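Colleague: missing the sequence, but the structure's below:
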């Protein structure tokens with residue numbers, strides 16, 4: 001699965017994207033965030049306030065309970081504003 005990070009999430013993780021093999025027990029977006037957070041200090045820092053992080057699964061906005069099984073891409077980005 002490809003994981004992409006945008007804006008300050010990219011800055012905090014130190015990478016723009018990565019290919020990962022997600023453990024079978026990780027089934028949802030919130031599970032993915034928890035697993036990523038456990039991978040190191042930079043990930044924990046990026047997801048320290050998961051309620052403000054937005055996510056898209058295969059380019060469709062998703063909520064924390066969205067299953068990720070079969071997804072090819074998950075993208076994380078900060079809240080956006082319009083103007």
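Modeller: Sure thing, it's come through. As the structure is a computational prediction, the values presented were derived from the model and not from experiment. Residues are numbered from 1 along each chain as shown.
Colleague: which residues in the chain form strands?
Modeller: With DSSP state E applied, the chain shows strands at 2-5, 17-19, 54-57, 60-62, 73-77, listed in chain order.
Colleague: Parallel or antiparallel, list what pairs with the second one.
Modeller: Based on DSSP bridges, the strands next to strand 17-19 in the sheet, each with its direction, are strand 2-5 (antiparallel).
Colleague: Now do the buried residues in the partner strand.
Modeller: In terms of neighbour count (16 or more other C-beta atoms under 10 Å), strand 2-5 has its buried residues at 3-5. From N, CA and C alone the C-beta is placed, and that goes for glycine too.
Colleague: Need the strands of the chain in a markdown table (columns: mean pLDDT and distance to residue 41).
Modeller: As requested, the strands of the chain are exported to a markdown table (pLDDT from 0 to 100; distance: least, C-beta to C-beta, whole Å):
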| stretch | mean pLDDT | distance to residue 41 |
| --- | --- | --- |
| strand 2-5 | 98 | 15 |
| strand 17-19 | 98 | 16 |
| strand 54-57 | 97 | 21 |
| strand 60-62 | 97 | 26 |
| strand 73-77 | 97 | 17 |
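Colleague: Tell me which of these sits nearest to residue 30.
Modeller: Proximity to residue 30, assessed across the strands of the chain by C-beta to C-beta, is greatest for strand 54-57 (9.5 Å).
Colleague: Surely residue 6 and residue 77 touch.
Modeller: Yes: between residue 6 and residue 77 there is a contact at 3.9 Å, judged by C-beta atoms under 8 Å.
Colleague: for residue 1, what are its contacts?
Modeller: Taking C-beta atoms under 8 Å, 6 or more residues apart in numbering as the definition of contact, the neighbours of residue 1 are 19-22, 68, 71-74.
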